[in-house]
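J.: A structural model of the following input is requested.
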Amino acid sequence: MGTYRYEQAQTDISIRKCIEVRRAVFVEEQGVAEELEVDGLDDQCIHFLCRHTQENFNGGLTTIAPVAAGRILPRGDIAKIQRVAVLESHRKGGTGRGIMEYMLEFARKEGFGQAVLGSQVEVIGFYEKLGFVPFGNQYEEAGIQHQNMRLAL
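T.: All right, here's what the predicted structure looks like:
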């Protein structure tokens with residue numbers, strides 16, 4: 001058993017950890033081409049990381065492993081949420097909801113008026129539970145069907 005710690009990734013090392021989580025989910029698991037996942041916008045984004053903490057049996061030390069990541073691309077008063085990724089081993093336990101709530105709270109505190117995202121169609125319900133509403137037509141990106149969604153902050 002363990003707990004989760006959500007944080008804004010502000011160092012080069014923690015941002016690299018975000019990209020490692022994204023690569024595991026999008027490139028390795030979902031088959032997205034690496035050149036599409038690494039889009040050259042990371043330096044313009046605000047990054048977020050979720051770490052799983054757990055007691056180590058052989059010495060009582062706490063180990064911390066990154067298990068989820070996401071980013072916000074600021075666009076005026078719009079927080080464009082992108083690259084939300086949760087390692088398969090930590091899905092269905094509230095980790096995705098936790099990182100999204102952390103990112104949305106950050107966006108509210110920073111004064112963004114709206115959050116938008118492009119959801120993979122199979123997880124639209126996840127974002128609807130957070131209050132997001134679909135808009136526009138579905139579209140294909142990186143070989144996966146997506147739906148734009150928005151939330152007033």
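J.: tell me the mean pLDDT over the helix or strand encompassing Gly118?
T.: Element membership for Gly118, per DSSP states H and E: strand 114-120. Mean pLDDT, computed over strand 114-120, is 97.
J.: Check which helices and strands whatever helix or strand comes next after it sits against.
T.: Downstream of strand 114-120, the first helix or strand assigned by DSSP H and E is helix 124-129. If you count contacts as 3 or more Cβ pairs under 8 Å, 6 or more residues apart in numbering; DSSP states H and E, helix 124-129 packs onto helix 95-109, strand 114-120, strand 144-152. C-beta coordinates here come from the backbone N, C-alpha and C atoms, glycine included.
J.: Using a markdown table, lay out those together with mean neighbour count and distance to His47.
T.: Shown next, in a markdown table, are the helices and strands packed on helix 124-129 (neighbours: other Cβ atoms under 10 Å; distance: least, Cβ to Cβ, whole Å):
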| stretch | mean neighbour count | distance to His47 |
| --- | --- | --- |
| helix 95-109 | 18 | 10 |
| strand 114-120 | 19 | 15 |
| strand 144-152 | 16 | 20 |
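J.: Glu34: which of those is closest?
T.: Smallest distance to Glu34 across those (Cβ to Cβ): 15.0 Å, for strand 144-152.
J.: Please consider this matter closed, and thank you.
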